[in-house]
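Colleague: Got a predicted model here, sequence first, then my questions.
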Amino acid sequence: MQDLQGVTRGQQNRVLGMSTLAFTVCFAVWTIFSIIGVRIKQDLGLSDTEFGLLAGTPILTGSLSRIFLGIWSDQYGGRIVYFFTMVLAAIATFLLSYATTYEMMLLAALGVGLAGGSFAVGIAYVSKWYPKEKQGTALGIFGAGNVGAAVTKFCAPFVLVAFGWTMVAQVWAAVLLVMAVVFWFTTDDDPQLKARRASGVRAPSAWMELEPLRNLQVWRFALYYFFVFGAFVALALWLPRYLIGVYGLDITTAGMLAAFYSVPASIFRAYGGHLSDKYGARAVMYWTFGVSVLATFMLSYPNTDYVIHGIQGPIAFSTSMGLIPFVVLIFVLGFFMSLGKAAVYKHIPVYYPGHVGAVGGLVGLIGGLGGFVLPITFGVMLDLTGVWTSCFMLLFAIVAVSLIWMHFSIRQMERAALQGELAALPQLPEMQPIHGGEQEKAMRPAAIEDWRPDDDEFWQTKGRAVARRNLWISIPALLLAFSVWMVWSVVVAKLPAIGFTYTTDQLFWLAALPGLSGATLRIFYSFMVPIFGGRLWTTITTASLLVPAFGIGYAVQNPDTPYLIFLVLALLCGLGGGNFASSMANISFFFPKKEKGNALALNAGLGNLGVSVMQFVVPLVITASVFGALGGEAREAGDGTRLWLQNAGFVWVPFLIASTIAAWFGMNDLATAKASFKEQSIIFTRRHNWIMCWLYTGTFGSFIGYSAGFPLLAKTQFPEVDSLQFVFLGPLVGALSRAATGWVSDKFGGGRVTFWTFLVMIAAVFGVLYFLGIKDQPGAFWGFFAMFMLLFFATGVGNASTFQMIPVIMREQMGGLMPHLNPAERVRQAEKESAAIIGFTSAIAAYGAFFIPKSYGTSIAMTGGPQAALWGFLIFYVSCAVLTWVIYTRRGGLLHDIERGRPAIPPAGVTAS
């Protein structure tokens, strides 16, 4: 607890006032590209994406530097760190005026971004001058320095028009340098630093400062700040461009109106701090997110024309938002964002008083990254969709997720505090008069309480039948999930044939986006089974696939369907990709260690088979009217054939319905598998979790990425070959090899199999590169095809072997990680952590479904061929082989003795006495 004896009110006011003024100047410099960037864009002829990168580069530096500047402020004092930060930022801003090329401007922009890092310094410095009950207001006043963005928008356009953008940079640099000098001579070192110097106590190390970052709560605060601050910065940078593009305003007027947003989003931050001190930060955050959800939804709605076919003829009307309503709504959004920014930082000095710099720096870093990532994303989305309001669509999604996460976290806390009372309540309030103990027991979710798969007698008499029933229901559900996830890999190849005029890059985006969303969803799905139960979660996630299945069926019937709709459907297909993480985590609980590798291989391998099934079935069903009049009319392709491309979505609907019913009525929940997210999040501290993420990305990331990109790659590299009739064989080989070789890893050891798998993959990539080099020669396609079949086979074997490694590693490590547990408890803990790691590694690896197709597209766009991407994959496989050998399979490696018949873990079935 900090000692504030001897600190006067005058000292507090002077420190707060000068720190706020300094931050205002820093923020004005930090957002300088929001005005001069528009002129630079015109001078250099930049695209929207390039403009977004230039405007966001200072935000990147200001964000990444915050955690280090915050730590140094705690260690060496905020006053000196603040001074040097301003001096260095002023130098970089002045040098910017001499940059003449885009590359030089990007380099100078990195230095300009240090001005944004001053936020973490100021938070750590100011908080040390105030008691806890006043820190919310003090930090809110300091944060009002965000108004510097409005200062830039008010003043910079006039200087720019009169003297040019270089003068803006020079004047802003001079003001910042003067401010640094004034700050140094008008402030003093904080009381905590003085006390530490007087006592001779050394500053805590950087590692000690970073310790609180292990708490999930810190990262939740960071997501909140990603929206309330990151989105504020992004909009401050993007609004002039938006107003010029949408409403045709000149740069001066656009800058003034953008300031109308920035001012309330800055000065009312002080009021947000006051409200947080008075009513609590939680209430302020609920109001912030609630109003922001409504505002961003209204702002995201594009100008739209509607025609309703009424009884007496068409009824036409349109929706659009004029300039005045837009500015009013932006004002409201900015106001509530300002309240939210103060509320987030109200928490930090209260919960982490000794680590304000580190925690505040991380939260500020993530928020600042929002200011970097979002402008770039706005530009990319505008380039891809051509819809101006797409930026607000993204913000709506972010704030909705933030609100949901916050609410469920609060509800979880309340349920934990009132667990007994809540459990005694009836399912429906109307049942209160007749609710008793018998009804309470009957209404509880059905779950198997006693589950001991490593007990041979229990397994033979009861366990095996139940486990196998859950496995054989899980497999078709997962197969359908993969089918829906990867359906774009075939659909995108057929879209141009029926009149959709998309570029090659747009098609690769459609092929890649399901991988991106699927991988992201897997991160969350990894932890859902222990929270909700495998039966309920499998039912819900299987039923959710009906949305993209129906959506694809309707969207592909009209070539006028906006590209944005296809982007949304591609993202929704990622729901199928997310299912893998929860499915594997669920099945891992049911089987004993001696059969776990084979069970996981069957579930994953036959589930992966959905990719091949889809690539075989879809080309067949789109050539016939499978559903008759219910399925819609065919469209004529360029070669005169008729295609029912909608069947690519509709064909899965009856099977999804059947699988959903089977999961609900046939699967089980395990009470022993129950765990909160907090209990599972311990895996983030496990070193081997991250190593296995790397290795599984090499195997499964390759399998799913090649599955997504192989059809389009083969078509673009060998256009003379009708490759779509063969490409399904790749995922088929990979899926079957996974399902058929799980026993090999159980017998010989997953580490050894994984190592040899990567060597085979390296050789196969060399083969692919060779045949691409001679692709104009006869037979080159078949060599190329054969090498990819070898790649698919190897990825399947590696998928099984890496998952076999995880439970073995965690059982072997648990004794050292948790020595206070008895042997039976260690086994249960290892099982829970293994399930979470299996799900999480599958989430990280699934990003291969995005990066591999996108790497192909980028490589072809930049070099004219996919070879550069393949060389990158090859280097990655080399790193995987080296990691496997060094850490696991060499003599002295973690798995060396275990895989050679000298177990270092208790045999299955051993329990504590």
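Modeller: Great, that's in hand.
Colleague: Run a quick neighbour tally on residue 138.
Modeller: Counted with other C-beta atoms under 10 Å, the neighbours of residue 138 add up to 25. Heads up, the C-betas are built off the backbone N, CA and C, glycines and all.
Colleague: how about it, what does it touch?
Modeller: 12, 16, 126-127, 129-130, 273 (C-beta atoms under 8 Å, 6 or more residues apart in numbering).
Colleague: what does residue 726 give?
Modeller: With C-beta under 8 Å, 6+ apart, residue 726 has these contacts: 714, 785.
Colleague: Among the contacts of residue 138, which are located in helices?
Modeller: With DSSP state H as the criterion, helices contain 12, 16, 126-127, 273 from among these.
Colleague: Top of those by number of neighbours, please.
Modeller: residue 273 (30 neighbours).
Colleague: these two touch, right, that one and residue 143?
Modeller: Yes - counting by C-beta atoms under 8 Å, residue 143 is a contact partner of residue 273 at 7.4 Å.
Colleague: Give the residues shared as contacts by the two.
Modeller: Common neighbours of residue 273 and residue 143 (C-beta under 8 Å, 6+ apart) are 342, 345.
Colleague: Now do the contacts for the closest residue to residue 709 other than its chain neighbours.
Modeller: Spatial nearest neighbour of residue 709, chain neighbours left out: residue 853 (3.7 Å); criterion: C-beta to C-beta, 6 or more residues apart in numbering. By C-beta under 8 Å, 6+ apart, the contact set of residue 853 is 508, 511-512, 515, 705, 708-709, 712.
Colleague: Could you do residue 513 as well?
Modeller: By C-beta under 8 Å, 6+ apart, the contact list for residue 513 reads 488, 567, 570-571, 573-574, 850.
Colleague: Quick check: pLDDT value at it.
Modeller: Turning to residue 513, the model gives it a pLDDT of 80.
Colleague: helix or strand for it, which one?
Modeller: Using DSSP states H and E, residue 513 sits within helix 504-525.
Colleague: Any buried residues in that helix, and which?
Modeller: Of all the residues in helix 504-525, those buried under the rule 16 or more other C-beta atoms under 10 Å are 506-525.
Colleague: Likewise for stretch 552-569?
Modeller: 552-553, 555-557, 563-564, 566-569.
Colleague: Average pLDDT for it, rounded please.
Modeller: Stretch 552-569 comes out with an average pLDDT of 81.
Colleague: Centre of the chain to that stretch, how far?
Modeller: The chain centre lies 25 Å from the centre of stretch 552-569; the measure is C-alpha atoms, centre = their mean, to the nearest Å.
Colleague: What's the end-to-end length of it?
Modeller: 7 Å (C-alpha to C-alpha, to the nearest Å).
Colleague: can you list contacts of that stretch?
Modeller: Stretch 552-569 has contacts (C-beta under 8 Å, 6+ apart) with 384-387, 390, 487, 491, 495, 498-502, 506, 509-510, 513, 548, 551, 573, 631-633, 635, 645-650, 653.
Colleague: count of neighbours near residue 98?
Modeller: That count, for residue 98 with other C-beta under 10 Å as the rule, works out to 11.
Colleague: Roughly how far does it sit from residue 614?
Modeller: Noted for residue 98: a distance of 56 Å to residue 614, by C-beta to C-beta, to the nearest Å.
Colleague: How about residue 115?
Modeller: Taken as C-beta to C-beta, the span from residue 115 to residue 614 is 51 Å.
Colleague: So which of the two has more stuff around it?
Modeller: Just comparing residue 115 and residue 614: by other C-beta under 10 Å the higher neighbour count belongs to residue 115, 32 against 29.
Colleague: Tell me the gap between stretch 793-807 and the middle of its chain.
Modeller: 25 Å.
Colleague: export it as PDB, just CAs?
Modeller: This file holds the C-alpha atoms of stretch 793-807, laid out as PDB (Å, rounded to 0.1, in the frame of the first residue of the first chain):
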ATOM      1  CA  PHE A 793      -0.600 -39.200 -45.900                       C
ATOM      2  CA  ALA A 794       2.200 -37.900 -43.700                       C
ATOM      3  CA  THR A 795       0.000 -35.200 -42.200                       C
ATOM      4  CA  GLY A 796      -2.500 -37.900 -41.200                       C
ATOM      5  CA  VAL A 797       0.100 -40.000 -39.500                       C
ATOM      6  CA  GLY A 798       1.500 -36.900 -37.800                       C
ATOM      7  CA  ASN A 799      -2.000 -35.800 -36.600                       C
ATOM      8  CA  ALA A 800      -2.400 -39.100 -34.800                       C
ATOM      9  CA  SER A 801       1.100 -39.200 -33.300                       C
ATOM     10  CA  THR A 802       1.100 -35.600 -32.000                       C
ATOM     11  CA  PHE A 803      -2.200 -36.100 -30.200                       C
ATOM     12  CA  GLN A 804      -0.900 -39.400 -28.700                       C
ATOM     13  CA  MET A 805       2.000 -37.500 -27.300                       C
ATOM     14  CA  ILE A 806       0.000 -35.000 -25.300                       C
ATOM     15  CA  PRO A 807      -1.600 -37.300 -22.600                       C
END
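Colleague: which stretches of the stretch 351-500 of the chain have low pLDDT?
Modeller: Low-confidence segments of the stretch 351-500 of the chain (pLDDT under 70): 351-361, 364, 368, 414-447.
Colleague: any idea where the helices of it begin and end?
Modeller: Chain-ordered helices for the stretch 351-500 of the chain, with DSSP state H, counting those that start in this stretch as the definition, fall at 356-385, 390-417, 419-423, 437-443, 456-458, 464-485, 488-494.
Colleague: Enumerate the positions of the second one that are buried.
Modeller: Neighbour-count burial for helix 390-417, counted by 16+ other C-beta under 10 Å, picks out 390-396, 398-400, 402-403, 406.
Colleague: and that helix, how far from the chain's centre?
Modeller: Computed by C-alpha atoms, centre = their mean, the chain-centroid distance of helix 390-417 equals 15 Å.
Colleague: picking up where we left off before, tell me the buried residues within the contacts of stretch 552-569.
Modeller: Using 16+ other C-beta under 10 Å as the burial test, the contacts of stretch 552-569 include 384-385, 387, 390, 487, 491, 495, 498, 500, 506, 509-510, 513, 548, 551, 573, 631-632, 635, 645-650 as buried.
Colleague: and the host helix or strand of residue 656, what does it pack onto?
Modeller: Secondary structure assigned from DSSP H and E places residue 656 in helix 653-666. Other helices and strands packing on helix 653-666, by 3 or more C-beta pairs under 8 Å, 6 or more residues apart in numbering; DSSP states H and E, are helix 464-485, helix 534-544, helix 546-555.
Colleague: and it, how far out from the chain's middle?
Modeller: Helix 653-666 sits 29 Å away from the centroid of its parent chain (C-alpha atoms, centre = their mean).
Colleague: Need the residues that contact that helix.
Modeller: Residues contacting helix 653-666 (C-beta under 8 Å, 6+ apart): 469-470, 473-474, 476-477, 480, 484, 535, 538-539, 542-543, 545-546, 549-550, 553.
Colleague: Pull out the buried members of those residues.
Modeller: When those are checked against 16+ other C-beta under 10 Å, the ones flagged as buried are 470, 473-474, 476-477, 480, 484, 535, 538-539, 542-543, 545-546, 549-550, 553.
Colleague: and the residue nearest the centre of the chain, how far is that from residue 581?
Modeller: Most central in the chain under C-alpha atoms, centre = their mean is residue 520, positioned 5.0 Å from the mean C-alpha point. As judged by C-beta to C-beta, residue 520 and residue 581 stand 11 Å apart.
Colleague: Next up, phi/psi of residue 634, please.
Modeller: Main-chain torsions, residue 634, degrees, to the nearest 10: phi -80, psi 160.
Colleague: Which residue comes closest to it once chain neighbours are left out?
Modeller: Counting by C-beta to C-beta, 6+ apart, residue 642 is the residue found nearest to residue 634 once chain neighbours are left out, at 4.0 Å.
Colleague: which of the ones in helices among the contacts of residue 138 lies closest to residue 805?
Modeller: Checking the ones in helices among the contacts of residue 138 against residue 805 by C-beta to C-beta gives residue 127 as the nearest, at 45.7 Å.
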